[in-house]
Structure formats: structure tokens, C-alpha cells
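Engineer: A structural model of the following input is requested.
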Amino acid sequence: MHKELKIVVEKHADGYVAYPLGIEGVVVGEGDTYEEALRDVTSALQFHIETFGPGVLEIETPILEVFVAETRIAV
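Structural biologist: Predicted coordinates:
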């Protein structure tokens, strides 16, 4: 069985960080390239599921879309 997950990949000065949305627990991947970070988070997700069971993928409300927005705050 396969399940589609939404993954956020952030580009930083020192590489990429990737994390899935809508799962129970914290899973993060990283790499020097976008592809490395995506492979790393996929591997980490597989380990997370093997460790804690497929129930970590069962969330009440599935994420349909993801938006990136900006706002201003006073500092």
C-alpha cells in the first residue's frame, strides 16, 4: 500500500530541510540538495512508521493544500 504525503522542503544557506505535514510525531530530513533532503525525509518517515506503526499516518482531517504566506509582527 502507498500513501501520498505532502512534504515541505526549505532551502537554507547551509542546505535543505524537509518535513512531512499531517503525521503524528516529528520527522525531519536534511541534505545538501533538494533531492537529498527529500530522500532523507522519506527514509526517516519509513523508519518512523516501522517504529510507531501505521497509525501515525491517521490524522482526523487530511491536508488538502499547503500555502506559504508572510505576515508582519512588531518586534
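Engineer: Next, count neighbours for the closest residue to residue 15 other than its chain neighbours.
Structural biologist: If the residues on either side of it in the chain are set aside, residue 15 comes closest to residue 32, at 5.1 Å by C-beta to C-beta, 6 or more residues apart in numbering. C-betas here are computed from N, CA, C, even on glycine. When neighbours are counted by other C-beta atoms under 10 Å, residue 32 registers 10.
Engineer: pretty sure residue 32 contacts residue 17?
Structural biologist: No: using C-beta atoms under 8 Å, residue 32 makes no contact with residue 17, being 11.4 Å away.
Engineer: Can you give me every residue that contacts residue 36?
Structural biologist: 16, 30 (C-beta atoms under 8 Å, 6 or more residues apart in numbering).
Engineer: which stretches of the protein form helices?
Structural biologist: 34-52 (DSSP state H).
Engineer: quick one: low-confidence parts of it?
Structural biologist: The model of the chain has no residue with pLDDT under 70.
Engineer: please redo it, this time with the cut-off set to 90
Structural biologist: Filtered on pLDDT under 90, the chain yields the residue ranges 1-5, 22-25, 54-68.
Engineer: contacting residues around residue 63?
Structural biologist: Residue 63 makes contacts with 6, 21-22, as judged by C-beta under 8 Å, 6+ apart.
Engineer: how about the residues you listed in TSV, adding distance to residue 50 and neighbour count?
Structural biologist: Formatted as TSV, those follow (distance: C-beta to C-beta, whole Å; neighbours: other C-beta atoms under 10 Å):
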residue	distance to residue 50	neighbour count
6	21	13
21	20	12
22	19	14
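Engineer: so of those residues, which ones are in strands?
Structural biologist: Judged by DSSP state E, the subset of these located in strands is empty.
Engineer: what about the nearest residue to residue 41 once chain neighbours are set aside, distance to residue 22?
Structural biologist: Once flanking residues are discounted, residue 41 sits nearest to residue 29: 2.8 Å by C-beta to C-beta, 6+ apart. For residue 29, the distance to residue 22 equals 16 Å [C-beta to C-beta, to the nearest Å].
Engineer: Look up how far residue 70 lies from residue 23.
Structural biologist: Distance of residue 23 to residue 70, computed by C-beta to C-beta: 25 Å.
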